[in-house]
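Visitor: Sequence plus predicted model, see below.
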Amino acid sequence: MSGYCGIVILLLCLCIAPMSAQNCSAGKYILNSTCLGCPVGYYCPGNNQSISCPSGTYNSNANATNISFCYSCQTGMFSLNGSINCTQCPAGKFSNTSASSSCNSCSAGMYSSAGATTCMACPLGSFSASLESAACSPCYPGTYSDQVAATTCKQCAAGSYGPNSSATSVYSCLACPTGFYCPAGSNSTTPCPIGTFNPNTSAVSANYCLPCVIGTYSNMTGAQICSKCMAGYYGSSVGLTICNLCMAGTWSALGSSICSQCPAGTSSPYTGMTSVSNCTSCPAGRYSVAGSTNCTSCPVGTYNNQAGGSSISSCIACAPGAYSSMIGATSCTICPMGQYQPSSSSTQCLYCAPGSYGTSVGMTSCTRCPADTYNSNAGSTSATACIACPPGTTSLPGSNACNPCVQGVSSSPNCKICGLGSWVLETTPIRRYRYVQNC
């Protein structure tokens, strides 16, 4: 009996020892010959096994005994093998089925937030150019999107511009105003440069900015029209940003391409004159050619008694018997008595020479003293200046002194023709002295 009991005990020991060390119950698994509770993310059906929950499921409880403890992930989430919980799909991805082991990428033109079960189309005015977008980008100024799920935005057409972002319609693009131009995709207007203008809307390039024509200018950008050069200024070339000042001796009206010269007979010493009336007429005694800044005085020996002389030919030569000793004379001075001038254009009169006299003004020659008289002074004004020669002397007309009678012959009453071989000097009618001498 005691031997039987010993055999039974031995058999029991042999049976119990393997079960406690090598055959763990469901909900447990063996590790280093020890049965441990099944960890989270796993289930343990017995036989010492620990099996991970498959991807797309999770288990957050320990000691799970079968796969039913691995719960499926909801839509919008996913898991890997052995997960204790599900993870949300990241933004830009989605899962529209439960028990997903991964998330799908949103396509271009679509977007999603974290945990999305589907992707959403980019709304009007936005776009998404790449996969897995977490958000759509607004259309930049100068572009627009008039459809959902856009992968790019459309450019505003050339000749228009879009000042705002997130534009949803082509009508958000505004026509380019006058004075400006707008290439395709413009978010603002580009002004025409100085010296140009654009009178039309919807210009597409700088080629539509026209140079200012002659006589006009533009000194600011974005001009719709060029301004006319002010009176007193001129614009002789195209594309001017400023007009040029008219020089002295010239003038111009509004919008002139050249400055007009002051007409001959006038002058102007000032710049920027606005009318021909600013050109002052030359006074008498002066003249000018066209474009003069000042009038020129008539030279000495000439005069001009009328205003507006247009050339030096307006200066008239002083006639014989007159003179002008100053420039700019308006008349010539008549030679006074005792003086004369035989030539024109003279600057002075000449005194009557000794042996002559001048009894009137404006003489061109002096009167000679008669024969048998003389005058030793210049500038005599009367015939009384001619003195009779003394007896025994004689003179020719215009003499400044008397000379002795010529031996033998004289035309003077003071001198008689001598007889053959002699001559006689008659001193006076009363006293006579006779001299006889061989001729």
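Guide: Yes, it's here.

Visitor: my guess is Ser277 is in a strand, correct?
Guide: No: if the criterion is DSSP: H, G, I helix; E, B strand; the rest coil, then Ser277 is helix and not within a strand.

Visitor: List the residues that contact it.
Guide: The contact partners of Ser277, taken as Cβ atoms under 8 Å, 6 or more residues apart in numbering, number zero. Any C-beta I mention is one placed from the backbone N, CA and C, and that applies to glycine too.

Visitor: okay, it: pLDDT?
Guide: Confidence at Ser277, expressed as pLDDT, is 96.

Visitor: Tell me how far Val148 lies from Ser55.
Guide: For Val148, the distance to Ser55 (Cβ to Cβ, to the nearest Å) stands at 34 Å.

Visitor: And Arg368, by the same measure?
Guide: Look at Arg368 and Ser55: by Cβ to Cβ, they are 154 Å apart.

Visitor: repeat for Ser83
Guide: When distance is defined by Cβ to Cβ, Ser83 is 8 Å away from Ser55.

Visitor: Looking at these two, which one has more neighbours?
Guide: When Ser83 and Ser55 are compared for neighbours, Ser83 comes out ahead with 23 against 17, by other Cβ atoms under 10 Å.

Visitor: Return the residues in contact with that one.
Guide: 41, 53, 55, 57-59.

Visitor: so which of those comes closest to Gly222?
Guide: Ranked by distance to Gly222 (Cβ to Cβ), the contacts of Ser83 are led by Ser55 at 65.4 Å.

Visitor: Show the backbone phi and psi for Val170.
Guide: Comment: the main-chain dihedrals of Val170 come out as phi -60, psi -20, following degrees, to the nearest 10.

Visitor: Quick check: it touching Cys153?
Guide: No: with contact taken as Cβ atoms under 8 Å, Val170 and Cys153 are classed as non-touching, separated by 11.4 Å.

Visitor: any common contacting residues for the two?
Guide: Shared contacts of Val170 and Cys153 (Cβ under 8 Å, 6+ apart): Tyr144.

Visitor: So between these two, which is more surrounded?
Guide: Neighbours of Val170 and Cys153, each counted by other Cβ under 10 Å, are more numerous for Cys153; the result is 24 against 13.

Visitor: mean confidence score for stretch 326-339?
Guide: Taken as a whole, stretch 326-339 has an average pLDDT of 96.

Visitor: what does stretch 388-405 give?
Guide: The predicted model gives stretch 388-405 an average pLDDT of 91.

Visitor: Same check on stretch 234-247?
Guide: The pLDDT scores in stretch 234-247 average 97.

Visitor: Repeat that for stretch 111-126.
Guide: Per-residue pLDDT over stretch 111-126 has a mean of 96.

Visitor: ok, and what's touching it?
Guide: For stretch 111-126, the external contacting residues (Cβ under 8 Å, 6+ apart) are 75-77, 88-96, 106-107, 109-110, 128, 133-139, 144-150, 165-169.

Visitor: buried ones in it?
Guide: When neighbours are counted by 16 or more other Cβ atoms under 10 Å, the buried residues of stretch 111-126 are found to be 111-112, 115-116, 119, 121-126.
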